[in-house]
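Student: Just need the structure, nothing else, for what follows:
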Amino acid sequence: MLKIKPFRILFYLSFIYSFNGYTQNTIGVLTNTQDSFNGYTLFTSQKETYLINNCGEVINQWSSDFVPGNSVYLLENGNLLRACKIENLDVDLPGAGGRVELYNWEGTLLWGYDYSTSQVRQHHDVYPMPNGNVLILAATVMTSSEAIQAGRDPINLTESTLFNEQIIEVQPTGTTTANIVWEWNINDHLIQDFDNTKDNFGVIEEHPELLDINFLGVSEGKSNWLHVNSMQYDETLDQIVLSTRILSEIYIIDHSTTTTEAASHTGGTYGKGGDILYRWGNPQAYKQGTSNDQQLFGQHYPHYIPSGSPNAGKLIVFNNGNPRVPQFSEIFILTPPTTALGEYSYIANTAYGPTIPDYIYKDPIDETNFYSFFLSGAQELPNGNILICSGANGYFFEIDENNNKVWEYVNPISAGNILTQGVNPVPVNSIFRAIRYATDYAAFTGKDVTPGNPIELNPDLSNCTVLEIEENELSNVRIFPNPTSEILTIQTEQFIDRIEIYNALGNLILNKSNSKNINLKNISSGLYIIKIHSEETYFSKKIIKQ
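Tutor: Have a look, this model is predicted:
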């Protein structure tokens, strides 16, 4: 006789999928164990944005006329915020975009805002603010004469311009316009010790709150001397976390200012100013260390871990490891030293702490096996696992507290083409960032999250089973046809009290009493769970509606 498990346990597990020995797949989901965090993963590839479940089945998809430019976010109301790339030859740098779009859950474009001229261009990141506004990261053009007046050594100005980094906060108006309500610029917070006749002259090692315009990092004096590749906002602190790949540093700045205050200096003290509150990763940038003290190398996506995760309040960052020898990537979790909430401690004439991160992940067998020279990110999940996007390879994987891989996925879109399962993707399936949302995230309330097909062609989900429900245990009950397009019949000698159909979020969407069949004609195609009650027992099984 079928052993019936308690409903509260079975129901919780019935929507977590498991792959056993699924290494024959080359794209899509390679591994999915019972230890993975059940949720929906969001990423953009070419002009499409996908939300997939842990089996790689598409929950939702949004289409744009533009390729990424680069970040994408799913908002709590189910809307999608996405940066897009439009042509601009005047402000040309890797990761450049120029346009921000907002779509509803159904894929209708609600707002399309271009921030791209001969003098400015959005690039890499945007961020949805709690008040409905949008932060936009942009590069603005400094002429060579402006750069020299700001204190740049002319020898270290190998191109005709220098790109300044700007953040604006915009309030969307209409369908294509916005009001700029706040602004911050790095060129208001520069220092140099090269020429005392020019602006910003001072003692660099005494002013870690300012940025040395003559520290080149790996820019070689080119226009793209900062390359800020990430901009994340923390609502609790009302602060912004920035990442400069060229200089290999993290910066934190205040957002609780007016635009005028954001352009002012505080002399390293806390107050209403736009100076750097905290920096970490490469202390030689402010003359408080050497190359031996450098810990970050071309990093991406530093951000505060949100509440609800074990390391909430700490910073997590993907340390790419480019350039260094040997080449390998790491995940860091670190705690910035503070004197109070949002106030960072600093001892004069030293480097900002910590000396070492609280946590470091690198490949446990051979550190060089894990390397992404650009893009990428890491996210701590509510259960303490870490979702890692090795962006250059289009490879996502999730690790548990013991650094075991419990979920793996390979982007099945290469050079704009959707690949067939079994094909090895050539290395042009890169992804900027991947984010997983819990199934109880507010965006999914009232939404149709019925799983569709995986992205890849000829997918193989043969090993995708529902935990705690073993198909061979149901030999005394026959459910057919499965998959079905309409009528589902239950063949059993037992009397059936009622039949219930649940979607992938556990919502009851259909039920019928005193019958051995149920009509699925009016529900969407996808994966469901059927729960069959008989007297005081019941069992569950996965079904597929075609």
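Student: how about E486, what does it touch?
Tutor: N519, L520, K521 (Cβ atoms under 8 Å, 6 or more residues apart in numbering). All C-beta atoms are positioned from the backbone trio N, CA, C, and that covers glycine.
Student: Now for the last one: which residues touch it?
Tutor: If you count contacts by Cβ under 8 Å, 6+ apart, K521 has them with S485, E486, I487.
Student: In TSV, list the residues you listed along with distance to N385 and pLDDT.
Tutor: Formatted as TSV, these follow (distance: Cβ to Cβ, whole Å; pLDDT from 0 to 100):
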residue	distance to N385	pLDDT
S485	37	88
E486	40	91
I487	41	92
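Student: Mind putting those into CSV with secondary structure?
Tutor: Output for these, formatted as CSV (DSSP: H, G, I helix; E, B strand; the rest coil):
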residue, secondary structure
S485, coil
E486, coil
I487, strand
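Student: Do a quick rundown of the helices in this structure.
Tutor: 7-13, 144-149, 259-262 (DSSP state H).
Student: ok so, going back, and the contacts of K521, which is closest to E401?
Tutor: Proximity of the contacts of K521 to E401 (Cβ to Cβ) peaks at S485, which lies at 43.4 Å.
Student: Please name the nearest non-neighbouring residue to that closest one.
Tutor: Distances taken as Cβ to Cβ, 6 or more residues apart in numbering put Q546 closest to S485, at 4.5 Å, once the chain neighbours are dropped.
Student: so the one you found sits right up against T484, yeah?
Tutor: Yes - shown here, Q546 and T484 form a contact pair, counting by Cβ atoms under 8 Å, at 6.6 Å.
Student: So for N20, what's the pLDDT?
Tutor: According to the prediction, N20 has pLDDT 43.
Student: need the least confident one among the helices of the chain, by mean pLDDT.
Tutor: helix 7-13 (a mean of 29).
Student: so where's the stretch 151-300 of the chain uncertain?
Tutor: Filtered on pLDDT under 70, the stretch 151-300 of the chain yields the residue ranges 267-271.
Student: let's go with 90 and repeat that
Tutor: 265-272 (pLDDT under 90).
Student: Show me which of Q546 and T484 is the more surrounded one.
Tutor: T484 (18 against 11; other Cβ atoms under 10 Å).
Student: State which strand of this protein is the longest.
Tutor: Assignment by DSSP state E gives strand 161-173 as the longest strand of the chain.
Student: roughly how far apart are the residue lying closest to H124 once chain neighbours are set aside and F370?
Tutor: Leaving aside its chain neighbours, H124 sits nearest to G95 (4.4 Å; criterion: Cβ to Cβ, 6+ apart). According to Cβ to Cβ, to the nearest Å, G95 and F370 sit 22 Å apart.
Student: and if you look at E146?
Tutor: 41 Å.
Student: Please apply the same query to P306.
Tutor: Taking Cβ to Cβ, one finds P306 at 25 Å from F370.
Student: okay, these two: which has more neighbours?
Tutor: Ranked by neighbour count (other Cβ under 10 Å), P306 and F370 place F370 first, with 21 against 14.
Student: Without its sequence neighbours, what residue ends up closest to the more buried one?
Tutor: Nearest non-adjacent residue to F370 (Cβ to Cβ, 6+ apart): D363, at 3.9 Å.
Student: Local confidence estimate at that neighbour?
Tutor: 97.
Student: Phi, psi for it please.
Tutor: Here is the backbone geometry of D363 (degrees, to the nearest 10): phi -50, psi 120.
Student: Ok, S248 next?
Tutor: The phi/psi pair for S248 (degrees, to the nearest 10) reads phi 60, psi 50.
Student: show me what contacts it?
Tutor: With Cβ under 8 Å, 6+ apart, S248 has these contacts: G217, V218, G281, N282, A285, Q294, L296, F297, G298, Q299.
Student: Surely the first one touches A285?
Tutor: Yes - counting by Cβ under 8 Å, G217 touches A285, with 7.3 Å between them.
Student: any shared contact partners between those two?
Tutor: Joint contacts of G217 and A285 (Cβ under 8 Å, 6+ apart) are L247, S248.
Student: So these two - more neighbours on which side?
Tutor: A285 (22 against 18).
Student: Skipping its backbone neighbours, what lies nearest the more buried one in space?
Tutor: Nearest one to A285, counting by Cβ to Cβ, 6+ apart, is F215 at 4.9 Å.
Student: burial count for the one you found?
Tutor: 20.
Student: per the record, what domains does this protein have?
Tutor: 17-444, 471-545 (automatic domain parsing).
Student: Indicate which one of the ones you listed is closest to D460.
Tutor: Per Cβ to Cβ, nearest to D460 of the domains of the chain: domain 17-444, 5.3 Å.
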